[in-house]
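Enquirer: Fold the stuff below for me.
(one chain, ligands or ions: 1)
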Amino acid sequence: MINKLIQKIQKTNAPIVVGLDPTMKFVPEHIRRAAFAEYGETLEGAAEAIWQYNKGIVDAIYDLVPAVKPQIAMYEQFGIPGLIAFQKTVNYCKEKELVVIGDIKRGDIGSTSEAYAVGHLGKVQVGQSFCSGFDEDFVTVNPYLGSDGVRPFMNVCKAEHKGIFVLVKTSNPSSGELQDRLVSAGESRTGGEEAGERPVYEIVGSQVAAWGAECMPESGDYSYVGAVVGATYPEQGRILRKIMPRTFILVPGYGAQGGKGADLVHFFNEDGLGAIINSSRGIIAAYQQEKYARFGEAGYAEAAREAVLDMKRDIVSCLN
Ligand SMILES: O=C(O)c1cc(=O)[nH]c(=O)n1[C@@H]1O[C@H](COP(=O)(O)O)[C@@H](O)[C@H]1O
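Expert: Numbering: from 1, shown residues only. The predicted structure follows:
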């Protein structure tokens, strides 16, 4: 799957993921009205509204980008109907040949991680049969529990030719509270600060590179164990790019969180690959920004398409 993602990035010339993070306040009035007329102001009505909204966006952008990233919390807030909307969204994006990154941020003790991995990337045994659960192509993984929390995902990826992105340095304002802490690492930091101490995110990055070395596809330069590093921390991105040369980096934080094309250059390798940039609200709710207000609510999908084209111009011009 990592090679499919790379081929699609090359074909579209757009190292971009559109984040499908719907909330009711983004869904245009005409979609909400139709969904509530059919299902009432219920969880079913809300789930129908976000599914129809997503479908409009996917139809408008699927030819421009290689991948989408539905964030499962945005669907879980609507309970079981929301999860059905998540499943419909994953299936529809796959029909459109998009690579689907399920943003689930899971990670637990080994036996529980195995269930997460099977449910989202693999097949669960039901009697003599094996059935797919959500069946995304990649998922995001939280490494806080260590190797036995991550290996079940690696094992399922190996069997199913799928992939993961492991949180290394997250984009949020307080990510440094824990992730930037200097801890004893038993080796000196390159560039030499205090010998034997490294920030936690560097240690996690080294660990991700080691997991990744065990998970190289039969051909190709990049592992199917990737990393998540926020666009809001370009300096850490530059350091991590060096620590994890064969790791593909998923970079959230562009747009709504303040990341810009110019911040992203060092997330990429010399081959022009190695990173894929996510924007969610900046694309799917573009029509609510002054810049795209001319599209109006009814034109929300066209506004999303225009925002993808602008993002692509920004990133490609900075890379060139
Ligand atoms: O794993 C992620 O995707 C993720 C990691 C991170 O460090 N920061 C981060 O924002 N994300 C996700 O990326 C998306 C960013 O959304 P926007 O800020 O609207 O572009 C959300 O779905 C977040 O959950």
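
Enquirer: ok, now which ones touch the one residue in the stretch 1-150 of the chain that gets nearest to the ligand?
Expert: Nearest residue of the stretch 1-150 of the chain to the ligand (CB to the nearest ligand atom) works out as residue 71 at 3.6 Å. C-beta: built from backbone N, CA, C; applies to glycine. Going by CB atoms under 8 Å, 6 or more residues apart in numbering, residue 71 touches 19, 20, 21, 103, 280.

Enquirer: Close to the ligand: what parts of the stretch 201-320 of the chain are there?
Expert: 228, 230, 252, 253, 255, 256, 257, 278, 279, 280, 281, 282 (CB under 6 Å from any ligand atom).

Enquirer: Filter these down to just the ones in strands.
Expert: Among those, DSSP state E puts 228, 278, 279 in strands.

Enquirer: For residue 209, see how far away residue 245 is.
Expert: 8 Å (CB to CB, to the nearest Å).

Enquirer: Looking at those two, which one has more neighbours?
Expert: Taking other CB atoms under 10 Å, residue 245 and residue 209 do not tie; residue 209 has more neighbours (19 against 13).

Enquirer: Select from the contacts of residue 71 every entry located in helices.
Expert: Using DSSP state H, no member of the contacts of residue 71 falls within helices.

Enquirer: can you give me the strands in the stretch 101-250 of the chain?
Expert: Counting by DSSP state E, counting those that start in this stretch, the stretch 101-250 of the chain has strands at residues 123-126, 129-132, 138-141, 163-169, 182-184, 197-199, 225-229, 249-251.

Enquirer: For the ones you listed, give me TSV that also has mean pLDDT.
Expert: Formatted as TSV, those follow (pLDDT from 0 to 100):
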stretch	mean pLDDT
strand 123-126	96
strand 129-132	95
strand 138-141	98
strand 163-169	98
strand 182-184	93
strand 197-199	95
strand 225-229	98
strand 249-251	98
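
Enquirer: Make TSV out of the ones you listed and add mean neighbour count.
Expert: Shown next, in TSV, are the strands of the stretch 101-250 of the chain (neighbours: other CB atoms under 10 Å):
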stretch	mean neighbour count
strand 123-126	12
strand 129-132	11
strand 138-141	27
strand 163-169	27
strand 182-184	12
strand 197-199	20
strand 225-229	29
strand 249-251	27
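
Enquirer: residues contacting residue 109?
Expert: 145, 148, 149.

Enquirer: What of residue 265?
Expert: 318, 319.

Enquirer: how near is it to residue 177?
Expert: 27 Å.

Enquirer: ok, now residue 184?
Expert: Counting by CB to CB - residue 184 and residue 177 are separated by 18 Å.

Enquirer: which residues of this structure fall in helices?
Expert: 2-12, 29-39, 43-61, 72-76, 79-95, 110-121, 147-160, 176-179, 200-213, 234-243, 281-284, 300-319.

Enquirer: Give me the helices and strands touching the fourth one, please.
Expert: So that's helix 72-76. Using 3 or more CB pairs under 8 Å, 6 or more residues apart in numbering; DSSP states H and E, the elements in contact with helix 72-76 are helix 43-61, helix 79-95, strand 99-106.

Enquirer: now the ones you listed in CSV, with mean neighbour count and mean pLDDT?
Expert: Shown next, in CSV, are the helices and strands packed on helix 72-76 (neighbours: other CB atoms under 10 Å; pLDDT from 0 to 100):
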stretch, mean neighbour count, mean pLDDT
helix 43-61, 22, 98
helix 79-95, 18, 98
strand 99-106, 23, 98
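
Enquirer: Low-confidence stretches in this protein?
Expert: Confidence mapping of the chain against pLDDT under 70 gives the ranges 186-195.

Enquirer: ok, residue 63 - contacts?
Expert: For residue 63, the contact set (CB under 8 Å, 6+ apart) comprises residue 12.

Enquirer: Wait, residue 168 touches residue 229, no?
Expert: Yes. If you go by CB atoms under 8 Å, residue 168 and residue 229 touch, sitting 5.4 Å apart.

Enquirer: and for the two, which residues touch both?
Expert: residue 240.

Enquirer: Can you report how many residues neighbour the closest residue to the ligand within the stretch 101-250 of the chain?
Expert: Nearest residue of the stretch 101-250 of the chain to the ligand: residue 170, at 3.1 Å (CB to the nearest ligand atom). Residues within reach of residue 170, counting by other CB under 10 Å, total 21.

Enquirer: That one contacts residue 228, correct?
Expert: Yes. Between residue 170 and residue 228 a contact is recorded at 6.7 Å, counting by CB under 8 Å.
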